[in-house]
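1. I need the structure of the sequence given here:
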Amino acid sequence: MLLAYDGVCALDASTMRTGGVPLAPEGFEWPTCRTCNGAMQFLAHLPLDEGVISVFFCQNDPGLCADWDATGGGNRAYIFAGQLQPASVPAEGVTLLGTATRLRLHPEETASQVPILGRVGGEPDWLQHDETPLCSGCSVAMTFVAELEEGYDFATAANFGGGGRGYVFRCGRCMTAAFLWQR
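-> So this is what the prediction gives:
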């Protein structure tokens, strides 16, 4: 299924979206980049049957931190379950996209009148080569969840290097998630 643009939504909407504020468990600490130590930018809120995947990546100094690499320390993905609340946003760093964009599922075989901002399920459509991450807990290849496109305007665009694509994965056994992008 494709992820189609479905308008602007509340910053803390519980629906599938890019941007806004992450919904996280109480006591959540905003992730920081391993290279620059700056607060990461929140990118996506992706509800699943077993919880929500929240995706972050460093945008404090684009190109200098390994934000494209699943294990480079420049991005983080979490699976959150249970009672979630809007996270406290750090005062410093490039932490939020310009707006929150609601995403809706759209059949791949049907033409869309609105921008397509990614897709869920199936197999990754790699721009380069297969970089399926291994779970940090069990060392098994993670399961593909979603692809995210850069966005259709400046306020909603993730910086994947111009024409890039983000990839979200999870390990159902360990309840871990990973993110990477290619251009």
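2. Pull up the gap between residue 66 and residue 113, please.
-> 37 Å (C-beta to C-beta, to the nearest Å). The C-beta positions use only the backbone N, C-alpha and C, and glycine is treated the same way.
3. nope, residue 16 is what I meant
-> 19 Å.
4. Ok, residue 64 next?
-> Taking C-beta to C-beta, one finds residue 64 at 39 Å from residue 113.
5. picking up where we left off before, comparing residue 16 and residue 113, which shows the higher neighbour count?
-> Ranked by neighbour count (other C-beta atoms under 10 Å), residue 16 and residue 113 place residue 16 first, with 22 against 7.
6. Contacts only, for the residue positioned nearest the centre of the chain.
-> Centrality entry for the chain: nearest residue to the mean C-alpha point is residue 55, 3.4 Å, by C-alpha atoms, centre = their mean. Residue 55 makes contacts with 42, 43, 44, 46, 75, 76, 77, 148, 166, 168, 177, 179, as judged by C-beta atoms under 8 Å, 6 or more residues apart in numbering.
7. and if we set it to 10 Å?
-> Taking C-beta atoms under 10 Å, 6 or more residues apart in numbering as the criterion, residue 55 is in contact with 18, 22, 40-46, 75-78, 145-146, 148, 158, 166, 168, 177-179.
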